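Student: task: produce atomic coordinates for the following.
(2 chains)
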Amino acid sequence: MASVVLSEAEKLYIVHGVQEDLRVDGRGCEDYRCAEVETDVVSNTSGSARVKLGETDILVGIKAEMGTPKLEKPDEGYLEFFVDCSSNSPELEGRGGEELGTDIANTLYRVFSCENSVDLKSLCINPKEHCWALYVDVLLLECGGNIFDAISIAVKAALFNTRIPKVRVLEDEEGTKEIELSDDPYDCIRLNVDEVPCIVTLSKIGYRHVVDATLQEEACSLASLLISVTSKGAITSMKKVGKGSLDPESIFEMMETGQRVGKSLHIALQKILDEEETLGTSRPKVGFLG
Amino acid sequence: MPLDHRRLCGPEESQPPALWAAIAAEDEEDEECVGAAPRDPCALRPLFARAGLLSQAQGSAYVELGSGTKVLCAAWGPREAAEPGPGRLLCEFRRAPFAGHERGPAAPRPNGRREPAVRLGRLPAARLAVSALLLQDGGSALAAAISAAALALADAGVEMYDLAVGCALCRPPRPPPHGCCSRPSQSAAPPPAHLALLPALNQVSAVLGGGRGGPPEDWAQALRLGLDGCHRQYPVLRQSLLRATQRRDAQAEPA
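Tutor: Numbers count the residues shown, from 1 in each chain, chains lettered A, B, ... in the order given. Predicted coordinates for the structure are as follows:
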């Protein structure tokens, strides 16, 4: 991960600020940075989204391809996650970013392992033979702290934007099956993203914890807790990252904060997504020039 | 004589038979559970731990939970690192191919879960390696591996803040309460939560949880149960370490 070097005095300044509930950029401990969300940015994908959270810049593209269902779940489709973070800093170039990439992908698998996060049954075309496989490709364009939250927001927005063409299975007298793609390009399945969780990262700084830490704040924090929260406030997964350890009591506090912050994050995100949806084709596309 | 690979014409892909007979197997298992007296959700499985049993490694430990989970762990180091910088702890967790019910590829899961416990500041430019091998998976393998790795590091004489203890929690199909390292993993998904605690300092060094969602209160309740489980395992691990040291002393005296 891209890292910054801070002197002890700078660290102390940040820690003291956090204790007074005032962070270096003027936010409180439970405030997110200003986020920009735009969906449908790459036309070759089934769904895509770009999220800019402060300096962090994430692009997610989802491609729906036809595959065979997993043996253990013959009547469900599946999601695959790939994370590429080679482009954003020299130390992650080449194979350097691979470890971080697999780490993020594993976290996403864990977050989406919850049964009802995405209705996988709707991705099934015919049991045991064909299903839709959604390949979720995450591209880290710029790393400015708190990548997990930004990625999860982008994945949710991209899933909301995903349109999977409708197909029908035709069977003739001999039992041979044929798959027919609908002629109408607007005839497609949409995914229900109500239950898709978002990750909230809480970084422990001093005696308090903050959400959406910047790179500088991440350098001051020894341990953080990733919590994935659904829009209804249920916690679906949890993971501690970082070198330090946490007091049990502070974990309980962090869970409470995570739930509260996660719920409001979902409301804000859903509002933006719905707004974009109502504008339809009249929406001015900003893309990468904005 | 070289083997003729062309004549071994087995199928390219193979599947465990259990998948196809899943429904029947579940029934049997339920009966077994009834026969074996259901375990109290808060009860831990009997833990067996032994330190210092591999002669080749600097430190080693073996941890067995109930009769299901067996983990062997070895620690090497400190060695001089090639590149200067702070000390590093390399952890490796491997499964034996026959560990689970399905023959799986040995998926290495490198993780640095015990890092908070080790005083890496005391070992500049050094490298510690810990390798845990799961011999048999009977549920809560990661928790057993955490305990085993902490024992192995302690056995190797590495300076640590405390002995990390792992505990796994899982939720039965019916909603609460949660149980500590209960069910064998045969039927269910991996346990939804793992916890590692440094008992003497009362600091949580690792939390990893997943599965079905729940409100924070449920999670807090589960974590409390896990913390309690860790505290109860701690004396057993300490005793095994003490015994290993005594054994080593006894061996050293005649010479």
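Student: helices of the chain, start to end?
Tutor: Since you didn't name a chain, this refers to chain A. A:8-19, A:98-111, A:147-161, A:215-220, A:248-279 (DSSP state H).
Student: you looked at the wrong chain, it should be chain B
Tutor: Under DSSP H, chain B gives helices at B:22-35, B:141-155, B:216-252.
Student: I'd like those helices laid out as JSON lines, including mean pLDDT.
Tutor: Putting these into JSON lines (pLDDT from 0 to 100) gives the following:
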{"stretch": "helix B:22-35", "mean pLDDT": "46"}
{"stretch": "helix B:141-155", "mean pLDDT": "85"}
{"stretch": "helix B:216-252", "mean pLDDT": "88"}
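Student: tell me where the model's unsure across the stretch 1-150 of chain B.
Tutor: Applying pLDDT under 70 to the stretch 1-150 of chain B flags the ranges B:1-12, B:16, B:18-41, B:67, B:81, B:83-87, B:99-125.
Student: the closest residue to B:G166 other than its chain neighbours and chain A, how far apart?
Tutor: Spatially, and ignoring its direct neighbours in sequence, B:G166 is nearest to B:I146 (3.0 Å; Cβ to Cβ, 6 or more residues apart in numbering or on different chains). All C-beta atoms are positioned from the backbone trio N, CA, C, and that covers glycine. Using Cβ to the nearest Cβ, to the nearest Å, B:I146 is found at 13 Å from chain A.
Student: B:I146 reaches B:L163, doesn't it?
Tutor: No: contact between B:I146 and B:L163 fails when scored by Cβ atoms under 8 Å: they sit 10.4 Å apart.
Student: more neighbours, those two?
Tutor: Per other Cβ atoms under 10 Å in any protein chain shown, whichever of B:I146 and B:L163 has more neighbours is B:I146, with 33 against 21.
Student: and B:L201, how many neighbours does it have?
Tutor: B:L201: 14 neighbours (other Cβ under 10 Å).
Student: quick check: closest non-adjacent residue to whichever residue of the stretch 151-255 of chain B sits closest to chain A.
Tutor: Nearest residue of the stretch 151-255 of chain B to chain A, counting by Cβ to the nearest Cβ: B:G213, 3.2 Å away. In space, and not counting its chain neighbours, B:G213 is closest to A:A234: 3.2 Å by Cβ to Cβ, 6+ apart.
Student: and the helices of chain B, which is most packed in?
Tutor: Of the helices of chain B, the one with the most neighbours on average (mean count of other Cβ atoms under 10 Å in any protein chain shown) is helix B:141-155, at a mean of 29.
Student: which residues touch whatever residue of the stretch 101-250 of chain A ends up closest to chain B?
Tutor: Going by Cβ to the nearest Cβ, chain B is nearest to A:A234 of the stretch 101-250 of chain A, at 3.2 Å. Going by Cβ atoms under 8 Å, 6 or more residues apart in numbering or on different chains, A:A234 touches B:213-215.
Student: just send those back as a markdown table, with distance to A:K63 too.
Tutor: Converted to a markdown table, these look like this (distance: Cβ to Cβ, whole Å):
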| residue | distance to A:K63 |
| --- | --- |
| B:G213 | 28 |
| B:G214 | 33 |
| B:P215 | 35 |
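Student: just send those residues back as CSV, with pLDDT and distance to A:S43 too.
Tutor: CSV is the format used below for the contacts of A:A234 (pLDDT from 0 to 100; distance: Cβ to Cβ, whole Å):
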residue, pLDDT, distance to A:S43
B:G213, 71, 35
B:G214, 77, 40
B:P215, 82, 41
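Student: among those residues, the buried ones, what's the PyMOL command?
Tutor: Per 16 or more other Cβ atoms under 10 Å in any protein chain shown, the buried members of the contacts of A:A234 correspond to this PyMOL selection:
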select buried, chain B and resi 213+214
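Student: show me which of the contacts of A:A234 is closest to A:S264.
Tutor: B:P215 (16.2 Å; Cβ to Cβ).
Student: look up phi and psi at the residue nearest to the closest one when sequence neighbours are not counted.
Tutor: Nearest-residue entry for B:P215: A:A234, 6.2 Å, with adjacent residues in sequence omitted and distances by Cβ to Cβ, 6+ apart. With angles defined as degrees, to the nearest 10, A:A234 sits at phi -80, psi 140.
Student: same question for A:G233.
Tutor: With angles defined as degrees, to the nearest 10, A:G233 sits at phi 100, psi 10.
Student: per-residue pLDDT of A:G258, please?
Tutor: Here the pLDDT value assigned to A:G258 is 92.
Student: wait, doesn't it sit right on A:V229?
Tutor: Yes: in terms of Cβ under 8 Å, A:G258 counts as a neighbour of A:V229; the distance is 6.0 Å.
Student: overlap of the contact sets of the two?
Tutor: Joint contacts of A:G258 and A:V229 (Cβ under 8 Å, 6+ apart) are A:200, A:235.
Student: which residue ranges of chain B form strands?
Tutor: B:47-51, B:59-65, B:69-80, B:88-95, B:126-136, B:165-170, B:179-180, B:193-198, B:203-209 (DSSP state E).
Student: pipe those into CSV and attach distance to B:R224 and mean neighbour count per row.
Tutor: Below are the strands of chain B laid out as CSV (distance: least, Cβ to Cβ, whole Å; neighbours: other Cβ atoms under 10 Å in any protein chain shown):
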stretch, distance to B:R224, mean neighbour count
strand B:47-51, 20, 20
strand B:59-65, 21, 25
strand B:69-80, 23, 22
strand B:88-95, 26, 20
strand B:126-136, 27, 20
strand B:165-170, 10, 27
strand B:179-180, 11, 24
strand B:193-198, 10, 27
strand B:203-209, 11, 25
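Student: now those strands in CSV, with distance to B:A150?
Tutor: Below are these laid out as CSV (distance: least, Cβ to Cβ, whole Å):
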stretch, distance to B:A150
strand B:47-51, 10
strand B:59-65, 8
strand B:69-80, 9
strand B:88-95, 11
strand B:126-136, 9
strand B:165-170, 7
strand B:179-180, 18
strand B:193-198, 8
strand B:203-209, 9
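Student: neighbours of A:E173, how many?
Tutor: 5.
Student: right, I'll call it a day here.
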